[in-house]
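Student: fold the following, please.
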Amino acid sequence: GNRFLSPFYTFHFYEDWNEALWMRRFVRDHLRYHDELFCAAARVVDALRERVRKRGLPGNPDGAFSTMHVRRGDFAVQFKQQIISIDQIYLSTKDILKPNSTVFIATDDKNKAYFEVLRQHYDICFLDDFADEIKSLNSNLFGIIDQIIASKGDIFFGTALSTLTAYANRLRGYYSIRDKLPGYELGKLQSFHFAKEGRDRTMTEYFAPSVPLWSLEFPMGWRDIDHGIPEIP
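Tutor: Predicted coordinates for the structure are as follows:
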């Protein structure tokens, strides 16, 4: 059962390292969400950036925003230790996120009043604030849209042990390589996990796969997987 949730590259091994890199590229480029979902998420991201630009905050002409994934529903039963208070979530983020910055929150919690503490410090928004951009989609797909948007934040805070957070980080890894973001050579991401005390900075450094394998994505899944492949001009 563990292998159904664990990243494929943590238990697929090849005699030839070129084959391993080829397989990781194949999964990145072909085993992915349909274009319809990426296009819908892109519409929301564009609307988010426009929202930020209209706010007119100095030093942010590109409309950069941060994202969070706050998972609460099923975790209240499965992983009670990951259910932390909204005050603890704020304390995890306050030294990293700028006050009054725009933060998109992907969540399964339908009670938006829960997030009022964050609203006092950030300009927060949710997927249902952009309903016009996704009105053609089946609502069963909204979790995937949330995940893709969460992967596009300049800074991302996620829920530890959540595979939705984990795959958002793999997407962030792919983007970091493509866009040559700071730290990309070593697989580093501007991604954090909420914690009861401070924050978990695991994703900000390179680290090898470790158990439980299903709980995270690892830099070996995206770092240097185009090795030996010339860049397209």
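
Student: pull the helix or strand with minimum mean pLDDT from the chain.
Tutor: Least confident helix or strand, the chain: helix 2-5 with a mean of 68, by mean pLDDT, DSSP states H and E.

Student: so Thr67: helix, strand or coil?
Tutor: strand (DSSP: H, G, I helix; E, B strand; the rest coil).

Student: sorry, wrong one. I was asking about Val211.
Tutor: coil.

Student: equivalent analysis for Val103, please.
Tutor: Once three-state DSSP is applied, Val103 turns out strand.

Student: likewise His193?
Tutor: Once three-state DSSP is applied, His193 turns out strand.

Student: secondary structure class for Ala160?
Tutor: Three-state call for Ala160 (three-state DSSP): coil.

Student: that one is in contact with Arg201, isn't it?
Tutor: No - in this structure Ala160 lies outside contact range of Arg201 using C-beta atoms under 8 Å: 11.8 Å. Every C-beta, even on glycine, is put in place using the N, C-alpha and C of the backbone.

Student: who has more neighbours out of the two?
Tutor: Remark: of Ala160 and Arg201, Ala160 carries more neighbours, 20 against 12, as counted by other C-beta atoms under 10 Å.

Student: for that one, which non-adjacent residue is spatially closest?
Tutor: His193 (4.2 Å; C-beta to C-beta, 6 or more residues apart in numbering).

Student: can you tell me the SS state at Arg43?
Tutor: Per three-state DSSP, Arg43 ends up helix.

Student: from memory it sits against Lys135, does it?
Tutor: No - between Arg43 and Lys135 there is no contact under C-beta under 8 Å: 10.4 Å.

Student: between these two, which one's more packed in?
Tutor: Taking other C-beta under 10 Å, Arg43 and Lys135 do not tie; Arg43 has more neighbours (15 against 8).

Student: residues contacting the nearest residue in space to that one that is not next to it in sequence?
Tutor: Excluding the flanking residues, the one nearest Arg43 by C-beta to C-beta, 6+ apart is Glu133, at 4.1 Å. If you count contacts by C-beta atoms under 8 Å, 6 or more residues apart in numbering, Glu133 has them with Ala40, Arg43, Val44, Ala47.

Student: the host helix or strand of the last one: how far from the chain's middle?
Tutor: Following DSSP states H and E, one finds Ala47 within helix 35-55. The gap between the average C-alpha position of helix 35-55 and the chain average comes to 15 Å, counting by C-alpha atoms, centre = their mean, to the nearest Å.

Student: need the residues that contact it.
Tutor: With C-beta under 8 Å, 6+ apart, helix 35-55 has contacts from 60-65, 102, 104, 123, 125, 127, 130, 133-134, 136-137, 141, 144-145, 148-149, 152.
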